[in-house]
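In: Fold the following for me, if possible:
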Amino acid sequence: MLYTILVCFLAGAGAGLGTGFAGMSAAAVISPVLITFLHMNAYQAVGVALASDVLASAVSAWIYHRNKNLDVKNGLVMMISVLCFTMVGSWVSSRVPNQTMGSFSVFMTLLLGVKFIVRPVMTSKEAMAAVSPRKRFMQSVVCGVLVGFICGFVGAGGGMMMLLILTSVLGYELKTAVGTSVFIMAFTAFTGSVSHFVIGGMPDLRVLALCVLFTLLWARVAARLANRADPRTLNRATGVILVVLGVVVLGFQALT
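Out: Next comes the predicted model:
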C-alpha cells in the first residue's frame, strides 16, 4: 500500500505541475507511471489519468479565471468540437495495442518545452483582441476536431496540442492560453474518462482516488504560482517543466 501511495504521489505531483503551469494533460505523466510501476492495463491507466485531469483542470481554470487569464467565449467554440471527437478517439484507442499509446504525447511534451525556452510566447492581450473573430472561430473548430481525436485516442497530447494551437495559431498570450486550455481540458477529460471506464471497465479505486487527490493538490499550487509570474519567467518555467516531464516519461517507457 505504501508503494502504491508513493507511485501515485509522484505521478500526481508531475501531472499537477504540468496541468497548473502548462495546461498539460495528466495522462502524459500518470499513464506511463501506472503502467510501468503498478503494471496497470494501458487503457485503464489512461482512464485514471483523464479522471485525475477533471478536478485538477477545473480548479486551475478557476484560478486563471479569477486572474482574468481565461477566454471563455472562444474557448467554448473549441471545446464543442473537441468534445465531439474525444469519444471517437477513445473508441479507436480501445482497438490499439497497449505499447502504441502515449508515444506521441511524450515527443509533443519535449518539443513544446524546448519551444517555450528558445522562443517564448510574448503576445499581448491587445494583440489577441486584434484577430478577426470569424477567422478565430473557423480555426477553433478545425483545430478542436484534431485535438479532440488526439485527446481521446492517447488520453494525452490534447492539452499540449491546445496550448500549441492557442499560442501559435490563434495568437494567445501564454497565461490566457494555459487558462483556456485547462478550461477545455476539464470537459474533455471528463468525457474521455467516462468513455474509457464504460468501454474498458473500472480501474483500482484506490489508485484512482490517490491520483485524483495528488494531481488536484499540485495543480492548485502550480496555477497560483503561474498567475503571479511575469510572462518571460512563466515561459521558461513552463518550458523547463515540460522538458523534464518529457525526459522522465521517456525514462519510464524505457523501463517497460
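In: And the pLDDT at Leu225?
Out: Listed pLDDT for Leu225 reads 90.
In: Over to Ser60?
Out: Ser60 is given a pLDDT of 93.
In: Buried ones in stretch 32-47, by neighbour count?
Out: 32-38, 40, 42-47 (16 or more other CB atoms under 10 Å). Placement of C-beta: from N, CA and C, glycine included.
In: how about those in CSV, adding secondary structure?
Out: Listed next are the buried residues of stretch 32-47 as CSV, based on DSSP: H, G, I helix; E, B strand; the rest coil:
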residue, secondary structure
Pro32, helix
Val33, helix
Leu34, helix
Ile35, helix
Thr36, helix
Phe37, helix
Leu38, coil
Met40, coil
Ala42, helix
Tyr43, helix
Gln44, helix
Ala45, helix
Val46, helix
Gly47, helix
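In: Going by secondary structure, Trp62 is in what exactly?
Out: Element membership for Trp62, per DSSP states H and E: helix 42-66.
In: Ala237 now?
Out: Counting by DSSP H and E, Ala237 is found in helix 231-255.
In: repeat for Leu6
Out: Assigned by DSSP H and E, Leu6 falls in helix 2-22.
In: For that helix, list the C-alpha coordinates in PDB.
Out: Provided in PDB are the C-alpha atoms of helix 2-22 (Å, rounded to 0.1, in the frame of the first residue of the first chain):
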ATOM      1  CA  LEU A   2       2.900   2.400   0.800                       C
ATOM      2  CA  TYR A   3       4.400   1.600  -2.500                       C
ATOM      3  CA  THR A   4       1.200   2.400  -4.300                       C
ATOM      4  CA  ILE A   5       0.800   5.700  -2.400                       C
ATOM      5  CA  LEU A   6       4.300   6.700  -3.300                       C
ATOM      6  CA  VAL A   7       3.900   5.900  -7.000                       C
ATOM      7  CA  CYS A   8       0.600   7.800  -7.100                       C
ATOM      8  CA  PHE A   9       2.100  10.800  -5.300                       C
ATOM      9  CA  LEU A  10       4.900  11.100  -7.800                       C
ATOM     10  CA  ALA A  11       2.600  10.700 -10.700                       C
ATOM     11  CA  GLY A  12       0.100  13.200  -9.300                       C
ATOM     12  CA  ALA A  13       2.900  15.700  -8.500                       C
ATOM     13  CA  GLY A  14       4.300  15.600 -12.000                       C
ATOM     14  CA  ALA A  15       0.800  15.700 -13.600                       C
ATOM     15  CA  GLY A  16      -0.400  18.500 -11.300                       C
ATOM     16  CA  LEU A  17       2.600  20.700 -12.100                       C
ATOM     17  CA  GLY A  18       2.200  20.100 -15.800                       C
ATOM     18  CA  THR A  19      -1.500  21.000 -15.600                       C
ATOM     19  CA  GLY A  20      -1.200  24.100 -13.500                       C
ATOM     20  CA  PHE A  21       1.800  25.600 -15.300                       C
ATOM     21  CA  ALA A  22       1.200  24.400 -18.900                       C
END
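In: From the contact count, pick out the helices and strands touching that helix.
Out: Where contact means 3 or more CB pairs under 8 Å, 6 or more residues apart in numbering; DSSP states H and E, helix 2-22 is packed against helix 27-37, helix 42-66, helix 158-164, helix 174-200, helix 205-228, helix 231-255.
In: Select, out of these, the one closest to Gly14.
Out: The closest approach between Gly14 and any of the helices and strands packed on helix 2-22, judged by CB to CB, belongs to helix 27-37 at 4.1 Å.
In: can you give me the offset of the helix holding Leu6 from its chain's centre?
Out: Distance of helix 2-22 from its chain centroid, counting by CA atoms, centre = their mean, to the nearest Å, is 13 Å.
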